[in-house]
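# Return a 3D structure for these sequence lines:
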Amino acid sequence: MIFSRPDIIRPPSEWKSYFLPLTSGCSNNTCTFCGYYGSKLQIRDVDDIKSEIDAVALFTRSGIRLPQVSKMVYAVAQGWDGKRVFLQDGDALVYPFPKLREVLQYLNGKLPCVERIGTYATPQDILRRSSDELKELRRLRMGIFYTGLETGDDELLQKIGKGVSSDEVVEAGKKVKEAGVSFSVTIILGLGGIEGSKRHVFETARILTEIDPDYVGALTLTLVPGTPLYERWERNEFHPLSPFQSLEELRLIIENSNFTDCFFSSMHASNYLSVRGKLPQDRERMLRELEVVLAARDPSLLRPEFLRGL
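Residues are numbered from 1 along each chain as shown. The predicted structure follows:
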């Protein structure tokens, strides 16, 4: 089967990275809110990946473009900062370990300018890796894993088909940090709907405190057509939060989470309001920013719906 290059879906902090596909789709394709729901996982051939690395190395060194190489490769390479590489797709850590090691060794040899490699990683992928394997990935410049916690509410995790418990996410986070790799956790405001909001908020704050990640990225639920959650909404079985209710969730999570040293951000395009800062240092300033908007209840202070996206 010919490998189909995936669309670029990446964390906000990776916007200047080179996006190198190892897989397409997601191995955990049962999350009821996610556009990857029901997707088929494709594993890219190692030689194909190496050919792309060769093309990027040649282009960055001499500006030469090879006619047989996808135009997308050069479009991405033109915007690259030359320092970071992000491995696609939904969970590139599922890539077989011996092949992943081979790819990273080749990447480091051909592009010694690379300072950090990152990827999305499901908790299941992390827990399948031994501590020695994770440490080896760190030696090969794997510097950050982005993992979806989504919620700390175990009932909600089961309902959305996440396939793991909150305790397993905590275990995965500790394993990553012990290997010396940065751990970035994603949460989704509004995921529990109106009825599940309180439990979602306080359980998420509790589990974030247990994980104590290096980074937290807050997203706001966006209903994706074709997903089971979207269909529940169409049947009036799921009741989404209003924009200001989602900001109330954000305020409560920041207020009730305790971190050692965490960069917390709601800069993702799905959010109605962007706040960011170091926790605990910037907690009071971030809460004040939210309180001003929540007190005003002025929709013009929020990102309009047509500008929100995944």
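# how close does P123 get to V201?
Distance of P123 to V201, given as Cβ to Cβ, to the nearest Å: 21 Å. All C-beta spots, glycine's among them, are computed from the backbone N, C-alpha and C.
# and what of I43?
38 Å.
# Tell me which of these two has more neighbours.
Higher neighbour count among I43 and V201: V201, with 24 against 17, using other Cβ atoms under 10 Å.
# Quick check: chain neighbours aside, which residue is closest to that one?
L252 (4.7 Å; Cβ to Cβ, 6 or more residues apart in numbering).
# Contact partners for the one you found?
Counting by Cβ atoms under 8 Å, 6 or more residues apart in numbering, L252 makes contact with 201-202, 205.
# any idea which helix or strand carries it?
Assessed by DSSP states H and E, L252 sits inside helix 243-256.
# Can you point out the buried residues in that helix?
243-244, 246-254 (16 or more other Cβ atoms under 10 Å).
# Of these, which is the nearest to G148?
Of all the buried residues of helix 243-256, I253 has the smallest distance to G148: 15.3 Å, by Cβ to Cβ.
# how many other residues sit next to the nearest residue to D153 once chain neighbours are set aside?
Excluding its sequence neighbours, the residue lying closest to D153 (Cβ to Cβ, 6+ apart) is E203, at 4.2 Å. Neighbourhood size, E203 [other Cβ under 10 Å]: 20.
# what kind of secondary structure is E203 in?
When classified by DSSP: H, G, I helix; E, B strand; the rest coil, E203 comes out as helix.
# Repeat that for the one 3 residues further on.
Following three-state DSSP, R206 is assigned to helix.
# Might one say that it is in contact with G152?
Yes - using Cβ atoms under 8 Å, R206 is in contact with G152, at 5.7 Å.
# who's more crowded, the two?
The neighbour comparison of R206 against G152 (other Cβ under 10 Å) goes to G152, with 28 against 16.
# Next one: the more buried one from S166, what distance?
G152 sits 5 Å away from S166, taking Cβ to Cβ as the criterion.
# can you list residues touching both of the two?
Shared contacts of G152 and S166 (Cβ under 8 Å, 6+ apart): 203, 207.
# From I53, how far out is D125?
Distance, D125 to I53, by Cβ to Cβ: 22 Å.
# In contact with V170, which residues are there?
V170 neighbours (Cβ under 8 Å, 6+ apart): 207, 210-211.
# Looking at the residues you listed, which is nearest Q78?
For those, the nearest to Q78 is I211 (36.7 Å; Cβ to Cβ).
# Look up the closest residue to that closest one, ignoring the ones flanking it.
Per Cβ to Cβ, 6+ apart, closest to I211 is G173, 4.1 Å.
# residues contacting that neighbour?
Counting by Cβ under 8 Å, 6+ apart, the residues that G173 touches are 147, 183, 185, 211-213.
# Which of those residues fall within helices?
Secondary structure defined by DSSP state H assigns I211 of those to helices.
# Reformat the contacts of G173 as JSON lines; add distance to K278 and neighbour count.
Listed next are the contacts of G173 as JSON lines, based on distance: Cβ to Cβ, whole Å; neighbours: other Cβ atoms under 10 Å:
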{"residue": "T147", "distance to K278": "20", "neighbour count": "25"}
{"residue": "F183", "distance to K278": "16", "neighbour count": "24"}
{"residue": "V185", "distance to K278": "15", "neighbour count": "26"}
{"residue": "I211", "distance to K278": "17", "neighbour count": "26"}
{"residue": "D212", "distance to K278": "13", "neighbour count": "18"}
{"residue": "P213", "distance to K278": "13", "neighbour count": "26"}
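# quick one, strands of the stretch 151-300 of the chain?
Taking DSSP state E, counting those that start in this stretch as the test, the strands found in the stretch 151-300 of the chain are 182-189, 215-220, 262-265, 276-279.
# closest one to E231 among those strands?
So among these, strand 182-189 is nearest, using Cβ to Cβ, at 17.8 Å.
# In the sheet, which strands lie alongside that closest one, parallel or antiparallel?
Here strand 182-189 is paired, per DSSP bridges, with strand 142-150 (parallel), strand 215-220 (parallel).
# for the protein, longest helix please?
The single longest helix within the chain, with elements called by DSSP H, is helix 46-62.
# How about that helix, which residues are buried there?
Across helix 46-62, burial judged by 16+ other Cβ under 10 Å covers 46, 49, 52-53, 55-57, 59-60.
# Could you verify my assumption that E136 touches R101?
Yes - E136 lies in contact with R101 (Cβ under 8 Å); the separation is 6.6 Å.
# from the contacts of G173, which two are the most distant?
Between any two of the contacts of G173 (Cβ to Cβ), the greatest distance is 13.6 Å, for T147 and D212.
# Centre-most residue in the protein?
Closest residue to the average C-alpha location of the chain: Y146 at 4.5 Å, with Cα atoms, centre = their mean.
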